[in-house]
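A.B. asks: sequence and computational prediction follow.
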Amino acid sequence: MQAEQNWLPRCDPLSLYSRIVGTGGYLPENIVTNSDLEKTVNTSDTWIRERTGIEQRHIAADGENTVDLAENAARKAMQAAGVLAADIDLIIVATTTADQVFPSTACLLQSRLDIHGCPAFDVQAVCTGFVYALAVADKFIKTDTSKCALVIGAETFSRIIDWSDRNTCVLFGDGAGAVVVKADSSPGILSTHLHADGDYANLLHVPSGVSSNYAAVQQGRAFVEMSGSDVFKMAVKTLGRIVDETLQANGLEYSDIDWLVPHQANTRILAATAKKLKMPMSKVINTVAKHGNTSAASIPLALDLAIRSNQIKAGDTLLLEGFGGGFTWGSALVNY
Ligand code: ACO
C-alpha cells in the first residue's frame, strides 16, 4: 500500500462554497441505432423517435466496465479543471451498475487514478444518482470536509436490460460524465434538493439482487422492469414541482434560469418541464437523440457536452434535475 496523501482539508472559512470547475464525458465507441433494434425486437425507428426522441445509444463492449467509462470521464474532467490526482480529496460515483458487489466503483476508480487515502464511495439513486452525488459533495465542501471532489455518474445500464423486451431495450444506453467540484469563496452550487418515495419501487425496478432472488442474477436474468406510462406521468408531475421548490428556495423566477440540464429519459418529458418553466426548447440541453437514457450518467454527460460546445458559459445559471427509480428525484441550482 502506498503512503496516504495528505487529504485532510485545511480550514478556510472564506471558502465554504462549492463550484464546478471542470467537466468530462465518455461514451463507448459501439453505437446501436434504432434500425439495429428493428432487426431484433418488434419495434420501429418511427415509434422510438416519436415516443422518446431517441435515435441511437452507445453500448459498452464486452469487457468494458463501469469503472472504465468512469475513468475516462474523470480524467477529462480533471484535465479541464487543471487538477492533479494529488488534489482530489473526495470521490463519489453515482451508479446503479457497479462492477462488483464490493469494493465500490469509487474505490476501483480511486486505485486507477493512483489516489490514496481520501474517502471514496458509491451513491445509488438510479437516474437521480448524479444529483444525489453532487449534493453530497456540495455538503462535504460546505462543511469544510473536502476542498476538491471528483463526482461521477457512470453506467453500463445495457447489462441490466432484457434485449428481447421492446418496452425497455430501446430506451437505455451506457456512458459516464464527471465533474470536479472545488471549494470557492463565491457561490457556485446555489442549492440542492433531494427526495425519494420508496412506495413507488415496483413501478421501475430490477427485482433481484444479492440478498433477494439471487438466482436471477446468477442466471443473467436481473433486468429492468418498468411501467412506462405510470413513470412518465409521475416524472412530469414531480419534475414540475421540484422546479418550483428550487426557484422558491433561491428567490428566483423562471426567467432567471439560463439553461435546463435535465435527466435525459425522453424528449417529451423534457418538453413538458420546459413548458412548465416557460422556457424554449433551445434553452434545454437535450442529448436524448444521441445518448438515450444513460441513467446516472445522463446529466453530467449533457452538462459536459453543453460546456464543451460553448452553449453554457461562465456566469450562466443552470437548473440540473433528475427523476428515477425508487422513486428518487432531485435538483441542483448552479452558477457556472
Ligand atoms: N416499439 C413499438 N411499440 C412499443 C414499444 C416499442 N419499443 N414499446 C412499447 N410499445 C407499445 C406498447 O406495447 C403499447 O402497445 P399496446 O397499446 O398495444 O399495449 C404501446 O406501445 C403504448 O405503450 P405505452 O407504454 O403506453 O407508451 P408510452 O407513450 O407511455 O411510451 C415510454 C413508453 C417511452 C417508455 C414512456 O412511457 C416513457 O418514457 N416513460 C418514462 C421513462 C422514464 O422517464 N424513466 C425515468 C427514469 S429511468 C430510471 O430511473 C432507470
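C.D. replies: Perfect, I can see it now.

A.B. asks: tell me the pLDDT of the residue nearest the centre of the chain.
C.D. replies: For the chain, the residue lying nearest the average C-alpha position, counting by C-alpha atoms, centre = their mean, turns out to be residue 296 (3.0 Å). The score at residue 296 is 98. That number is its pLDDT.

A.B. asks: verify the stated contact: it with residue 134.
C.D. replies: No - contact criterion C-beta atoms under 8 Å: residue 296 and residue 134 do not qualify, at 10.7 Å. In short, each C-beta sits where N, CA and C put it, glycine included.

A.B. asks: just after the lengthiest helix in the chain, pick out the following helix or strand.
C.D. replies: For the chain, the helix reaching the highest residue count under DSSP state H is reported as helix 228-250. Following helix 228-250 in sequence order, the next helix or strand is strand 259-262 (DSSP states H and E).

A.B. asks: please identify the buried residues of the next helix or strand after that next one?
C.D. replies: Once strand 259-262 ends, the next helix or strand along the chain (criterion: DSSP H and E) is helix 267-276. Residues of helix 267-276 classed as buried: 267, 269, 270, 272, 273, 274, 276 (neighbour count, 16 or more other C-beta atoms under 10 Å).

A.B. asks: same check, this time on stretch 282-295
C.D. replies: When burial is assessed from 16+ other C-beta under 10 Å, stretch 282-295 yields the following buried residues: 284, 285, 286, 287, 288, 290, 291, 292, 293, 294, 295.

A.B. asks: filter those by proximity to the ligand?
C.D. replies: Among the buried residues of stretch 282-295, proximity to the ligand is found for 293, 295 (C-beta under 6 Å from any ligand atom).

A.B. asks: helices - which of the buried residues of stretch 282-295 land there?
C.D. replies: The helices in this structure, assigned by DSSP H, contain 288, 290, 291 from the buried residues of stretch 282-295.

A.B. asks: any chance of these in a markdown table, plus pLDDT and distance to residue 331?
C.D. replies: Conversion of those to a markdown table gives the following (pLDDT from 0 to 100; distance: C-beta to C-beta, whole Å):
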| residue | pLDDT | distance to residue 331 |
| --- | --- | --- |
| 288 | 98 | 19 |
| 290 | 98 | 24 |
| 291 | 98 | 20 |
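
A.B. asks: sorry, back to before: other SSEs contacting the longest helix of the chain?
C.D. replies: On a contact count with 3 or more C-beta pairs under 8 Å, 6 or more residues apart in numbering; DSSP states H and E, helix 228-250 meets strand 189-196, helix 267-276, strand 317-324, strand 328-335.

A.B. asks: do that helix and the ligand meet at all?
C.D. replies: Yes - judged by C-beta under 6 Å from any ligand atom, helix 228-250 comes into contact with the ligand at 228, 229, 231, 232, 235.

A.B. asks: what about the residue nearest to residue 273 when sequence neighbours are not counted, how many neighbours?
C.D. replies: Leaving aside its sequence neighbours, residue 273 sits nearest to residue 239 (C-beta to C-beta, 6 or more residues apart in numbering; 4.9 Å). Neighbours of residue 239 under the rule other C-beta atoms under 10 Å: 24.
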